[in-house]
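Novice: Task: produce atomic coordinates for the following.
(chains A and B)
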There are 2 protein chains.
Amino acid sequence: MEALTKLGYGVYVIGSRKGEQLNGQIANTLFQITSQPPTVAVSINKNNLTHQFIKESQVFTASILCQDTPLSFIGRFGFKSGRDINKLEGIGYRIGETEAPIIIENATAYLEVRVSKEIDMGSHTIFIGEVVASEVISQEACMTYEYYHQIKRGTTPMAAPTYVGEKK
Amino acid sequence: MEALTKLGYGVYVIGSRKGEQLNGQIANTLFQITSQPPTVAVSINKNNLTHQFIKESQVFTASILCQDTPLSFIGRFGFKSGRDINKLEGIGYRIGETEAPIIIENATAYLEVRVSKEIDMGSHTIFIGEVVASEVISQEACMTYEYYHQIKRGTTPMAAPTYVGEKK
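Specialist: Here you go, the predicted structure:
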């Protein structure tokens, strides 16, 4: 369904925690739902460790990546599992007021979110929640999903909502 | 909450119908939820006529606008109400297999969606549904919400999920 590849997105690191364990993953399907109160939604694959962490802690952060984010950074958060490595080791992050990790490295801004609704969508869950804190870190250009694909030649993992199989 | 303005989106016309009446509106908060089956979600203000139409017909279309879409076209669909004018008069569109209108003018691709879930979010409803038809119309660049704001100098109506009040 090629038309679906034309939808526009940003590129984000979604951070969460489970007890003392911290993790983060790349997502592109984050969007604002209402302005009053400021509410956002994100679609996360049920097989991802971050899914398990958000389910348990009911909080997540979203770091909005800058256009110059290296592919190796995206690869670390998007193509590896927190079950195998500590993704945050050596990465610039801090703990937010939700106690979830906020990835600061390569981020132009971030949001902290407390989950208020979960929608079961089969392979994915939509987590919806209120933005309880946020900060703009820099005025650098933000990365678009299109830029990631076309300029950076990045790919999409199978677990992503926007996975489309083999592409030309 | 300036950080929220950094989220990335495309710009879409959402079309729907109620009996013989057709309407469409601009939205930026459309995103894919799952790939199998192909499912999308859109957040629509409850005061909009299109909201009423989707509620009743349980179908909508999404036309993905090209970067060169004139501001006057976006103004027609984004800043006027179908209660006052027939927005589709003189506009290139066709009726899809869902019987909802598909806006073809200025579109690079479109989706047709049958609603399977509605999430009440106070001021807005998230309509979620399966993509039952789609087509790529051209390989022109798609408009991003950032391009609309920064290059086209477009503004955001109060009813939008991403309305942020007075901006610099």
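
Novice: Now for chain A, the helix or strand with the poorest mean pLDDT.
Specialist: Within chain A, no helix or strand scores below helix A:145-150, which has a mean of 86 by mean pLDDT, DSSP states H and E.

Novice: Show me how far that helix is from its chain's centre.
Specialist: In terms of Cα atoms, centre = their mean, to the nearest Å, the centre of helix A:145-150 is set 16 Å apart from its chain centre.

Novice: is that helix anywhere near chain B?
Specialist: Yes. Residues of helix A:145-150 are located near chain B by Cβ under 8 Å from any Cβ of the partner chain, namely A:Y145, A:E146. C-beta: built from backbone N, CA, C; applies to glycine.

Novice: what's the answer for stretch A:7-23, then?
Specialist: Yes. Using Cβ under 8 Å from any Cβ, we find that stretch A:7-23 touches chain B at A:L7, A:G8, A:Y9, A:G10, A:V11.

Novice: Grab the longest strand from chain A for me.
Specialist: Secondary structure assigned by DSSP state E gives strand A:107-121 as the longest strand of chain A.

Novice: for the helix or strand following that strand, packing partners?
Specialist: Note on strand A:107-121: by DSSP states H and E, the next helix or strand toward the C-terminus is strand A:124-136. When contacts are defined as 3 or more Cβ pairs under 8 Å, 6 or more residues apart in numbering or on different chains; DSSP states H and E, strand A:124-136 packs onto strand A:39-45, helix A:49-57, strand A:59-65, strand A:107-121, strand B:30-34.

Novice: Just tell me which of these ends up closest to B:R153.
Specialist: The closest of the helices and strands packed on strand A:124-136 to B:R153 is strand A:107-121. By Cβ to Cβ, the value is 21.4 Å.

Novice: for chain A, which spans come out with low pLDDT?
Specialist: Along chain A, the parts satisfying pLDDT under 70 run over A:165-168.

Novice: returning to what we had before: most tightly surrounded among the helices and strands packed on strand A:124-136?
Specialist: strand A:59-65 (a mean of 27; mean count of other Cβ atoms under 10 Å in any protein chain shown).

Novice: what pairs with it, and is each one parallel or antiparallel?
Specialist: strand A:12-18 (antiparallel), strand A:107-121 (antiparallel) (DSSP bridges).

Novice: Of all the residues in the first one, which ones are buried?
Specialist: Going back to what we said before, that points to strand A:12-18. A:Y12, A:V13, A:I14, A:G15, A:S16, A:R17, A:K18 (16 or more other Cβ atoms under 10 Å in any protein chain shown).

Novice: what's it in contact with?
Specialist: A:22-28, A:30, A:42, A:44, A:50, A:52-54, A:56-57, A:59-65, A:77, A:93, A:99-103, A:107 (Cβ atoms under 8 Å, 6 or more residues apart in numbering or on different chains).

Novice: now that strand against strand A:30-34, angle please.
Specialist: 80 degrees (axes from the mean of the first three to the mean of the last three Cα atoms, to 10 degrees).

Novice: between strand A:12-18 and strand A:39-45, how many degrees?
Specialist: 80 degrees.

Novice: Quick one: name whatever helix or strand follows strand A:12-18.
Specialist: Scanning onward from strand A:12-18 (DSSP H and E), the first element met is strand A:21-27.

Novice: Identify all contacting residues around that next one.
Specialist: A:11-17, A:42-44, A:48-50, A:53, A:62-63, A:74, A:77-78, A:82, A:86-88, A:93, A:100-101, A:103, A:160.

Novice: now with 7 Å?
Specialist: A:11-16, A:42, A:44, A:48-50, A:53, A:74, A:77-78, A:82, A:87-88, A:101, A:103 (Cβ atoms under 7 Å, 6 or more residues apart in numbering or on different chains).

Novice: For it, which strands pair with it and how are they oriented?
Specialist: By DSSP bridges, strand A:21-27 pairs with strand A:12-18 (antiparallel).

Novice: quick one on the thing from earlier: can you redo the helices and strands packed on strand A:124-136 as TSV with distance to B:M1?
Specialist: Compiled in TSV, these are given as follows (distance: least, Cβ to Cβ, whole Å):
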stretch	distance to B:M1
strand A:39-45	10
helix A:49-57	21
strand A:59-65	12
strand A:107-121	8
strand B:30-34	19
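
Novice: who wins for proximity to A:E2 among these?
Specialist: The nearest among those, by Cβ to Cβ, is strand B:30-34 at 12.7 Å.

Novice: thinking A:K46 is in contact with A:G122, fair?
Specialist: No. Assessed by Cβ atoms under 7 Å, A:K46 is found out of contact with A:G122, at 8.4 Å.

Novice: With neighbour numbers in mind, choose between those two.
Specialist: A:K46 (14 against 11; other Cβ atoms under 10 Å in any protein chain shown).

Novice: residues contacting the residue nearest to A:E112 when sequence neighbours are not counted?
Specialist: Closest residue to A:E112 apart from its sequence neighbours, by Cβ to Cβ, 6 or more residues apart in numbering or on different chains: A:A133 at 4.1 Å. If you count contacts by Cβ under 7 Å, 6+ apart, A:A133 has them with A:G96, A:E97, A:E112.
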